[in-house]
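**Q** need the 3D shape of this:
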Amino acid sequence: MIEAIGLTKRYGEKFAVNEVSFTVRPGMVTGFLGPNGAGKSTTMRMIVGLDRPTAGSVTVNGKPYAQHHAPLGEVGALLDAKALHGGRSARAHLLAQAATHGIPRSRVDEVIDATGLGTAAGKRAGTFSLGMGQRLGIATALLGDPHTLILDEPVNGLDPEGVLWVRGLLRGLAAEGRTVLLSSHLMSEMALTADHLIVVGRGRVIADASVGDIVSRARGSSVRVRTPMSAELRAVLSERPEIGVTSVGPDVLDVTGSTAPQIATLAAAAGLVLYELTPVEVSLEDAYMKLTATEVEYRSTAAPDAPTSTRATRGDAR
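**A** Predicted coordinates for the structure are as follows:
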């Protein structure tokens with residue numbers, strides 16, 4: 001378990017992390033989300049003792065990271081896949097790490113096989129592609145068979161098979177009762193992997209809830225309606241003050257304040273033809289963007305005449 005209490009990191013007058021408190025519990029994958037500059041990397045560095053907090057505290061399995069006698073057996077971390085000796089082979093890197101913690105050579109062979117590094121184990125790590133570097137970073141994190149795993153963007157650079165493997169790995173470790181903290185900007189992957197989310201913005205926690213709860217909070221009651229009689233349907237629906245109607249395209253309306261069955265009933269009573277009735281559900285990406293809309297420090301501007309889109313799906317993001 002990871003527990004942060006009032007965790008703060010200040011650089012001069014700027015707060016990178018400002019009184020952050022959260023608990024990452026075992027038995028589930030916890031996603032750690034936030035815009036660039038939100039304080040995610042600084043927080044993860046403080047968890048593993050690479051940065052010293054200005055105030056507050058953070059413990060892993062009941063102790064500060066530095067107080068664990070064999071930290072690789074407690075916490076496996078991937079914060080920067082390139083933070084290794086590029087002149088060493090993958091096997092030599094893992095053997096060096098194992099030697100510092102009394103980990104047997106057999107365990108090195110196990111993680112090499114588990115991460116798909118077998119054919120590349122003798123190659124210099126500095127020649128690795130981004131994806132192979134990620135696999136080596138994950139192998140290093142798994143080396144001590146830790147109770148807690150902290151991974152920053154672990155699927156960055158991986159091919160689809162690698163992404164699927166990481167997803168299964170993390171969910172399998174969580175099912176064993178281990179603590180898994182995962183940071184990623186890939187909302188689609190987070191929706192498939194994480195059970196719980198901690199979202200930060202400008203150094204503060206802005207959400208700490210299950211994936212389902214966060215998506216549900218952002219969900220509206222909009223229904224996408226496609227009909228060749230949109231003007232007539234708009235007139236019928238507008239008679240109800242609680243119903244709002246917006247045109248989003250030729251013969252396409254977005255209706256709020258009503259449900260698909262209610263709209264169908266009103267249309268049938270007026271003799272109107274409907275081609276589509278689709279509840280518009282938000283994805284995790286939609287929910288995340290809504291949560292962090294006012295927390296983005298580095299914001300891009302849309303290209304001139306860039307189209308906007310509205311997503312209609314038939315199920316939850318989970």
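
**Q** for the protein, just list every one of the strands.
**A** For the chain, the strands defined by DSSP state E cover 2-11, 14-24, 28-33, 55-60, 75-78, 148-152, 179-183, 196-201, 204-210, 223-226, 244-249, 252-256, 276-279.

**Q** let me know the average pLDDT across the fourth one.
**A** Taken as a whole, strand 55-60 has an average pLDDT of 97.

**Q** and the direction of that strand versus that of strand 148-152, what angle?
**A** On the basis of axes from the mean of the first three to the mean of the last three CA atoms, to 10 degrees, strand 55-60 is oriented at 120 degrees to strand 148-152.

**Q** buried stuff in strand 55-60?
**A** Going by neighbour count (16 or more other CB atoms under 10 Å), the buried part of strand 55-60 is Gly56, Val58, Val60. C-beta coordinates here come from the backbone N, C-alpha and C atoms, glycine included.

**Q** picking that back up, please produce JSON lines containing the strands of the chain, extended by distance to Thr115.
**A** Formatted as JSON lines, those follow (distance: least, CB to CB, whole Å):
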{"stretch": "strand 2-11", "distance to Thr115": "23"}
{"stretch": "strand 14-24", "distance to Thr115": "23"}
{"stretch": "strand 28-33", "distance to Thr115": "18"}
{"stretch": "strand 55-60", "distance to Thr115": "23"}
{"stretch": "strand 75-78", "distance to Thr115": "11"}
{"stretch": "strand 148-152", "distance to Thr115": "13"}
{"stretch": "strand 179-183", "distance to Thr115": "16"}
{"stretch": "strand 196-201", "distance to Thr115": "25"}
{"stretch": "strand 204-210", "distance to Thr115": "29"}
{"stretch": "strand 223-226", "distance to Thr115": "43"}
{"stretch": "strand 244-249", "distance to Thr115": "46"}
{"stretch": "strand 252-256", "distance to Thr115": "46"}
{"stretch": "strand 276-279", "distance to Thr115": "41"}
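
**Q** select, out of those strands, the one closest to Thr140.
**A** Nearest to Thr140, of all the strands of the chain, is strand 75-78, at 7.1 Å by CB to CB.

**Q** elements contacting that closest one?
**A** helix 40-47, helix 130-142, strand 148-152 (3 or more CB pairs under 8 Å, 6 or more residues apart in numbering; DSSP states H and E).

**Q** nearest to Gly27, out of those?
**A** Comparing those by CB to CB, strand 148-152 comes nearest, at 11.8 Å.

**Q** what helices or strands is that closest one leaning on?
**A** Packing partners of strand 148-152 (3+ CB pairs under 8 Å, 6+ apart): helix 40-47, strand 75-78, helix 130-142, helix 160-175, strand 179-183.

**Q** format these as JSON lines; extra columns: distance to Pro250, mean neighbour count and mean pLDDT.
**A** Putting those into JSON lines (distance: least, CB to CB, whole Å; neighbours: other CB atoms under 10 Å; pLDDT from 0 to 100) gives the following:
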{"stretch": "helix 40-47", "distance to Pro250": "43", "mean neighbour count": "24", "mean pLDDT": "96"}
{"stretch": "strand 75-78", "distance to Pro250": "49", "mean neighbour count": "24", "mean pLDDT": "95"}
{"stretch": "helix 130-142", "distance to Pro250": "44", "mean neighbour count": "23", "mean pLDDT": "94"}
{"stretch": "helix 160-175", "distance to Pro250": "36", "mean neighbour count": "16", "mean pLDDT": "95"}
{"stretch": "strand 179-183", "distance to Pro250": "42", "mean neighbour count": "25", "mean pLDDT": "97"}
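
**Q** still on that earlier bit, what is the nearest of the buried residues of strand 55-60 to Gly133?
**A** Set against Gly133, the nearest of those by CB to CB is Val60 (24.9 Å).

**Q** got any ranges where the stretch 101-250 of the chain has weak pLDDT?
**A** By pLDDT under 70, the weakly predicted segments of the stretch 101-250 of the chain are 220-221.

**Q** returning to that earlier point: same list (the buried residues of strand 55-60) but as TSV, adding distance to Gln67.
**A** Formatted as TSV, the buried residues of strand 55-60 follow (distance: CB to CB, whole Å):
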residue	distance to Gln67
Gly56	16
Val58	12
Val60	9
